[in-house]
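K.L.:
Pasting the sequence and the predicted coordinates here, then a few questions.
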Amino acid sequence: MNLHLEKAKVNNQKSEVRITGSKSETNRLLLLQALYPHLTIDNVSNSDDSEVMQKALKGLSEKERTVDVHHAGTAMRFLTAFFAVQDGKEVLLTGSSRMKERPIKILVEALRQLGAEISYEEKEGYPPIKIKGRKLSESQVALPANVSSQYISALLLIASKLENGLELTLEGEITSIPYIKMTLALLDEIGVKTSFKNNIISVGHAELVKASRLTVESDWSSASYWYSIVALSEIGTRITLSSYKKNSLQGDSALAQIYEDFGVQTVFSENHSIVLEKVKNDQQAKVSYQLNNCPDIAQTIAVTCFGLGVACDLYGLHTLKIKETDRLEALNAELSKLGAEISVTNESLHLKTTMEINKNIAIKTYQDHRMAMAFAPLALKVPLIIEEAEVVSKSYPDFWSDLKAVGFQMDRI
Ligand SMILES: O=C(O)C1=C[C@@H](OP(=O)(O)O)[C@@H](O)[C@H](O)C1
Ligand SMILES: C=C(OP(=O)(O)O)C(=O)O
């Protein structure tokens, strides 16, 4: 489905949006719930990635099966660790064609060192993989931490079920740290003992945990598109989003601070909603951010800057090359079509000020939900086309209907 978006304006009277639960928190808690069935989870994400996770965790009674996680990176990595400890079960874990290009070797090596039995079915180092679940005997392992934090979270999520817990030594520069801290915070919340000092993480053994009810905070990465919409709107535009916390576990909550640079004020209210308001127009001519801690909002920020005519240098983006698509190349290609002067390296993006935006350009989305959602707010400036718009369901299935509800006009073409 391709969508033609008309030049839009937000209707302040209809601008309350309920955002689905964080897919990162949800996928961690679903796995923990499979290990500790007394946990109850509220505000579960309705994303495809969380549905895939739920489906995979059902049918655990089968001795042999194939589990397809489609595009879900967290599901692929977390389930690799999970199935590795399901004693006596055999699983073929596979995914989309892009998933077969997303590396998993560092995690598989670490699990093998702990005693797991995992083999590659096609290309060495990549899914699909065959996992023969068994009891893992070891409790210490070292692994590179500069490629994806998901490998580390995957190991931490099963750690408390290992006989002697787990001690992980992280090698190299640690990437996407807030996601590791999120995993540890959720373990702490259910009563598992953890510590993270320098580059060593320890998790204690816990056969059982206390029954708890956990509420997933709404997804901050999904909120980013609303920040961009407010930033690209006129002064006085307001959007209310629920349900968010001031002290979030999600690194993408850095948005509130970053978007102050684009004139967007965030007010946290008692009822856990946030009100975003465009309060000024006098942004700087050039901004620079290090996004190592929040890679998923890089596309949103790049497009906001382009739409506002603000030059930017974005750094810490080395993980973008192995996500749903090579996001640096995708941004380079699509922003160039719109008239941007842009350059990218393997870990950074540089945008010059552009005042003109080309109209009615068809934006390719490369099977990446964030390409579709990051570019949509530009409809506040010019009409544009988003190709294969259905990709948004990976993390935010209601994105287009929410956009429509606040006043965006769109037609399928
Ligand atoms: O653990 C998680 O929930 C995630 C970690 C990040 O991946 P990397 O650690 O690979 O950067 C992030 O990009 C992804 O969307 C979700
Ligand atoms: C990178 C992402 O997800 P994953 O790695 O879990 O596929 C994302 O949602 O932007």
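P.N.:
Right, received. Where do you want to start? Ligands and ions are numbered 1, 2, ... in the order given.
K.L.:
Tell me the residues of the stretch 201-350 of the chain that contact ligand 2?
P.N.:
296, 323, 324 (Cβ under 6 Å from any ligand atom). Where C-beta positions appear, they are placed from N, C-alpha and C, glycine not excepted.
K.L.:
Same list, those, but as CSV with secondary structure please.
P.N.:
Shown next, in CSV, are those (DSSP: H, G, I helix; E, B strand; the rest coil):
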residue, secondary structure
296, helix
323, coil
324, coil
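K.L.:
out of these, who's near ligand 1?
P.N.:
Checking those against ligand 1 (Cβ under 6 Å from any ligand atom), the matches are residue 296.
K.L.:
ok, so of the residues of the stretch 201-350 of the chain next to ligand 2, who is nearest ligand 1?
P.N.:
Using Cβ to the nearest ligand atom, residue 296 comes nearest to ligand 1 of those, at 4.8 Å.
K.L.:
count of residues packed around the spatially closest residue to residue 203 that is not a sequence neighbour?
P.N.:
Leaving aside its sequence neighbours, residue 203 sits nearest to residue 159 (Cβ to Cβ, 6 or more residues apart in numbering; 3.6 Å). The number of residues packed near residue 159 is 28, by other Cβ atoms under 10 Å.
K.L.:
where's residue 159 relative to ligand 1, distance?
P.N.:
Residue 159 sits 15 Å away from ligand 1, going by Cβ to the nearest ligand atom, to the nearest Å.
K.L.:
Show me what from the protein comes close to ligand 1.
P.N.:
So the chain meets ligand 1 at 24, 74, 148, 149, 150, 153, 175, 176, 179, 295, 296, 319 (Cβ under 6 Å from any ligand atom).
K.L.:
burial count for the residue lying closest to residue 215 once chain neighbours are set aside?
P.N.:
Nearest in space to residue 215, with sequence neighbours left out and distances taken as Cβ to Cβ, 6+ apart, is residue 42 at 4.4 Å. By the criterion of other Cβ under 10 Å, residue 42 has 10 neighbours.
K.L.:
Model confidence for the closest residue to residue 134 other than its chain neighbours, exactly?
P.N.:
Leaving aside its sequence neighbours, residue 134 sits nearest to residue 87 (Cβ to Cβ, 6+ apart; 5.5 Å). Model confidence at residue 87, given as pLDDT, is 97.
K.L.:
Hmm, residue 133 and residue 87 touching each other?
P.N.:
Yes - when contacts are counted by Cβ atoms under 8 Å, residue 87 is listed as touching residue 133 (5.5 Å).
K.L.:
and these two? which has more neighbours close in?
P.N.:
Neighbour count, other Cβ under 10 Å: between residue 87 and residue 133, residue 133 has more, with 19 against 10.
K.L.:
ok so, going back, list the residues that contact the residue nearest to residue 203.
P.N.:
The contact partners of residue 159, by Cβ atoms under 8 Å, 6 or more residues apart in numbering, come to 165, 166, 168, 187, 192, 203.
K.L.:
Run through the neighbouring helices and strands of the helix or strand that residue 371 is a member of.
P.N.:
Residue 371 is part of helix 369-375 when elements are defined by DSSP states H and E. Helices and strands touching helix 369-375, by 3 or more Cβ pairs under 8 Å, 6 or more residues apart in numbering; DSSP states H and E, are helix 220-231, helix 298-308, helix 327-337, strand 361-363, strand 384-386.
K.L.:
Give the other helices and strands that the third one contacts.
P.N.:
Counting by 3+ Cβ pairs under 8 Å, 6+ apart, the packing neighbours recorded for helix 327-337 are helix 298-308, strand 342-344, strand 349-351, strand 361-363, helix 369-375.
K.L.:
what about 6 Å?
P.N.:
strand 342-344 (3 or more Cβ pairs under 6 Å, 6 or more residues apart in numbering; DSSP states H and E).
K.L.:
pLDDT on the strand it packs on, on average?
P.N.:
98.
K.L.:
Quick check: neighbours of that strand in the sheet, parallel or antiparallel?
P.N.:
Within its sheet, strand 342-344 is paired with strand 349-351 (antiparallel), according to DSSP bridges.
K.L.:
buried sites along the strand it pairs with?
P.N.:
Under the neighbour-count criterion of 16 or more other Cβ atoms under 10 Å, strand 349-351 has 349, 350, 351 buried.
K.L.:
go on, stretch 205-215?
P.N.:
Result for stretch 205-215 [16+ other Cβ under 10 Å]: buried residues 206, 209, 214, 215.
K.L.:
Kindly state the domain boundaries assigned to this structure.
P.N.:
Domain assignment for the chain by automatic domain parsing gives 3-21+218-412, 23-215.
K.L.:
what's the span of the first one, first residue to last?
P.N.:
Meaning domain 3-21+218-412. Start to finish, the residues bounding domain 3-21+218-412 are 5 Å apart (Cα to Cα, to the nearest Å).
K.L.:
can you give me how far it is from the chain middle?
P.N.:
Its chain's average C-alpha position is 14 Å from that of domain 3-21+218-412, according to Cα atoms, centre = their mean, to the nearest Å.
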